[in-house]
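Asker: just need the structure, nothing else, for what follows:
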Amino acid sequence: MATGRTPRTDGREGLRVLKVLNAGQRSLNEGGKICGPSDKTSVSEIQIPKPEYFVHETSLTDENIYIDRGTKI
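Answerer: Presented below is the predicted three-dimensional model:
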């Protein structure tokens, strides 16, 4: 960081959050079975759903908006 201070979050924290989210998704997929985050989960195993819409990188959109499925911006 430019100020020399430690950031609030980092890659490790991001991975921890993704593991928890992945465990929640596995639980939903398995009918509510309790699934804790696994330390053995690799980054490649974490499933991040792709959005059902497309926003080009040069587009400008407001924050906190809803983009409907199939929309192209």
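
Asker: ranges for the strands of this structure?
Answerer: For the chain, no strands are identified by DSSP state E.

Asker: please enumerate the helices of it.
Answerer: All helices of the chain, identified by DSSP state H, fall at 11-29.

Asker: low-confidence regions, it specifically.
Answerer: Applying pLDDT under 70 to the chain picks out residues 1-2, 37-48.

Asker: ok, now with 80
Answerer: Along the chain, the parts satisfying pLDDT under 80 run over 1-12, 30, 33-50.

Asker: how far away is R16 from P7?
Answerer: From R16 across to P7, the span is 14 Å (Cβ to Cβ, to the nearest Å). All C-beta spots, glycine's among them, are computed from the backbone N, C-alpha and C.

Asker: those two - which one has more neighbours?
Answerer: Taking other Cβ atoms under 10 Å, R16 and P7 do not tie; R16 has more neighbours (13 against 9).

Asker: could you find the closest non-adjacent residue to K72?
Answerer: Take K72 and drop its neighbours on the chain: the residue closest to it by Cβ to Cβ, 6 or more residues apart in numbering is F54, 4.7 Å away.

Asker: surely that neighbour meets T71?
Answerer: Yes - F54 is within contact range of T71, at 7.4 Å (criterion: Cβ atoms under 8 Å).
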